[in-house]
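Novice: Quick one: sequence plus predicted model below, questions after.
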Amino acid sequence: MCLGIPMKILSTNKLVATCQNDDENRAEQVDLSLVGPQIVGTWVQVFMGSAREVIEPEQLENVLLARKAMFAALNGGNIDDFFPDLVNREPELPDFLKKP
């Protein structure tokens, strides 16, 4: 499994962007060939120097929280704070698994 790094585009020159993730103190030049030209301020999922997908604004907070939860889990921390919508909730089966 490969995990991308969410990064914000700070500047762009067609298909090359300077991106940064302040939480992880990372900055790098990113190839935008797979996602096309993007505007400054757009967040992208980066893997091995290439943006693999654009992170939609409504997904951004969940992506950033999931990444923080991963680091918390790796360091023996509690991840409940990162998924408040899942705490104290009974799991639900997807519709296709529910009996008619």
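Specialist: Okay, I see it. Nothing here was measured: the structure is a model prediction, and the numbers come from that model.
Novice: in the sheet, who's paired with the closest residue to Pro57 other than its chain neighbours?
Specialist: Nearest residue to Pro57, sequence neighbours excluded (CB to CB, 6 or more residues apart in numbering): Trp43, at 8.0 Å. To be clear about C-beta, it is placed using only N, CA and C from the backbone, and glycine gets the same treatment. Beta bridges link Trp43 to Lys8, Ile55, judged by DSSP bridges.
Novice: just the strands in this protein please.
Specialist: With DSSP state E, the ranges of strands along the chain come out as 5-13, 16-21, 26-31, 43-47, 50-55.
Novice: And the longest one, how far out from the chain middle?
Specialist: Its chain's C-alpha centre lies 13 Å from the corresponding centre of strand 5-13 when counted by CA atoms, centre = their mean, to the nearest Å.
Novice: do stretch 59-72 as well
Specialist: 7 Å.
Novice: Pull out the buried residues from that stretch.
Specialist: Within stretch 59-72, the residues scored as buried using 16 or more other CB atoms under 10 Å are 64, 67-69.
Novice: what sits up against it?
Specialist: Here stretch 59-72 makes contact (CB atoms under 8 Å, 6 or more residues apart in numbering) with 3, 5-6, 23-24, 43, 45, 55, 77-79, 81-83.
Novice: Distance to Gly49 added to the buried residues of stretch 59-72, as TSV?
Specialist: Shown next, in TSV, are those (distance: CB to CB, whole Å):
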residue	distance to Gly49
Leu64	20
Arg67	18
Lys68	23
Ala69	25
